[in-house]
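Trainee: the following block contains a protein sequence and its predicted model.
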Amino acid sequence: MLFLAIMNKPQYQLNNVLASRARLGESPVWDATQKLLYWVDIYNYRVHQFNRATGHNSFFDVGDVVGCIGLAGANRLIMAQRDRLAFLNTQTGDITPIIQVEADKPNNRFNDGKCDPQGRFWFGSMSQEKSQASLYRYDPDNSLHLMETGLTVTNGMGWSSNGKTFYLTDSDQQKIFAYDFDSQSGKISNRRIFVDLTHESFFPDGLTVDSEGNIWSAMWEGGCVIRFDSTGKEVLRIRLPVKSPTNCTFAGEDLKLLYITTASVGLSQAEIDKSVSSGDLFEVQTDIVGLPSYHFQSSI
């Protein structure tokens, strides 16, 4: 199904490439080696595998909520579930637990996450209680590091193309933050507001970064993906025929395809009738090269 994305110039073609009707699609990750897009449906406990060339989509039932995933070597993903990290074998579907985190916080679950260019896995929790969520970094040497506290809905994260800045979203605060990033140590510092959307009726969700330093953020309840330049200024808005886009990533041979996951959870029947594509997977052909999905450099 084709749509015209209404936005500032240039105009891109928006395609509905998979009528998945996910409850809460999230965490798209591009495996350049296998030419597959992995993504999750959080509340249906599924990790999906989409083949763009054939249009075929399959999934693994992982038995519990799965907030985010990352590539972790050949035929393996790392995933953050409700209160633990685990590996998923994408040939057998076998799950290998790694570490349990925040098991003492029943009002929390893990949400968004991503691998950094150095092969470390960053993931954050979301809480039903304000300011009780946190951001963590899990390293290839199996060490766990608490990176940030005082969050409520830890969301979209990424690294600038020059490797000097880390971006982190707190959807509850309607803000995207920027930090100084030390690529060698993995430390973050000097938090400041990069984008403030408190004047809007929607919430920043997952994000991705392109090779030119732009940040592309999906807007929960905003029906769009917004591109911000490296100063935080809005320069482009891609409108979707659904209420809640959730995340996005670059894919394809040249990393110019933008994949967008969406959600149907929380919609009334009237809203579903009006927006039947909610929960589907969308693709936009852009003229900008994105950054790749990085791999967790596991020692196990």
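Mentor: Everything's here; your move.

Trainee: in this structure residue 204 contacts residue 195, no?
Mentor: Yes: using Cβ atoms under 8 Å, residue 204 is in contact with residue 195, at 6.8 Å. No exception for glycine: its C-beta is placed from N, CA and C like everyone else's.

Trainee: more crowded one of these two?
Mentor: residue 204 (27 against 21; other Cβ atoms under 10 Å).

Trainee: list the contacts of the more buried one.
Mentor: Counting by Cβ atoms under 8 Å, 6 or more residues apart in numbering, residue 204 touches 155-156, 169, 171, 174-176, 195, 197, 217-220.

Trainee: okay, and it sits in which element?
Mentor: When elements are defined using DSSP states H and E, residue 204 is found to belong to strand 203-209.

Trainee: now swap in residue 140 and tell me
Mentor: Per DSSP H and E, there is no helix or strand for residue 140.

Trainee: show the pLDDT at it.
Mentor: pLDDT recorded at residue 140 is 96.

Trainee: how many neighbours does it have?
Mentor: Neighbour count for residue 140, taken as other Cβ under 10 Å: 15.

Trainee: from residue 98, how far out is it?
Mentor: Computed with Cβ to Cβ, to the nearest Å, the distance linking residue 140 and residue 98 is 12 Å.

Trainee: next: residue 123.
Mentor: In this view, residue 123 and residue 98 are 11 Å apart by Cβ to Cβ.

Trainee: who touches both of the two?
Mentor: Joint contacts of residue 123 and residue 98 (Cβ under 8 Å, 6+ apart) are 85, 138.

Trainee: who has more neighbours out of these two?
Mentor: Using other Cβ under 10 Å as the criterion, residue 123 and residue 98 rank with residue 123 on top: 28 against 19.

Trainee: residues contacting that one?
Mentor: 67, 68, 80, 85, 110, 111, 112, 113, 114, 135, 136, 138.

Trainee: one more pass at 6 Å, please.
Mentor: Neighbouring residues of residue 123 by Cβ atoms under 6 Å, 6 or more residues apart in numbering: 68, 80, 110, 113, 136.

Trainee: which element, helix or strand, includes it?
Mentor: Using DSSP H and E, residue 123 maps to strand 121-127.
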